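Chemist: attaching a predicted model along with its sequence, questions to come.
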Amino acid sequence: MGSGTTAIAALSLNRQVIGFEIKPEYCEIATQRIQNHY
């Protein structure tokens, strides 16, 4: 999942997204970035 860049791009194209991240800190970063965009 990383920082959520791919998920944000997919959502901007009206695609569904499933993400997976091992490190909790990156999951939190991605969650915040996605929530800020949507």
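Modeler: Structure's in. What do you need?

Chemist: packing partners of the helix of greatest length in the chain?
Modeler: Secondary structure of the chain read by DSSP state H shows that its longest helix is helix 24-37. The contact analysis (3 or more C-beta pairs under 8 Å, 6 or more residues apart in numbering; DSSP states H and E) places helix 24-37 against helix 5-12. Just so you know, the C-beta spots here come from the backbone N, C-alpha and C atoms, and that holds for glycine as well.

Chemist: how far away is residue 13 from residue 22?
Modeler: From residue 13 across to residue 22, the span is 26 Å (C-beta to C-beta, to the nearest Å).

Chemist: ok, now residue 1?
Modeler: For residue 1, the distance to residue 22 (C-beta to C-beta) stands at 9 Å.

Chemist: which one of these two has more residues nearby?
Modeler: Between residue 1 and residue 22, residue 1 has the larger neighbour count (other C-beta atoms under 10 Å), namely 19 against 7.

Chemist: and that one, what is it in contact with?
Modeler: By C-beta atoms under 8 Å, 6 or more residues apart in numbering, the contact set of residue 1 is 7, 19, 20, 21, 26, 27, 30.

Chemist: dump those to CSV, plus pLDDT, neighbour count and distance to residue 38.
Modeler: Shown next, in CSV, are these (pLDDT from 0 to 100; neighbours: other C-beta atoms under 10 Å; distance: C-beta to C-beta, whole Å):
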residue, pLDDT, neighbour count, distance to residue 38
7, 96, 21, 10
19, 93, 15, 14
20, 94, 6, 19
21, 95, 16, 18
26, 96, 15, 18
27, 95, 16, 17
30, 96, 20, 12
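
Chemist: out of the residues you listed, who's nearest residue 37?
Modeler: residue 7 (9.2 Å; C-beta to C-beta).
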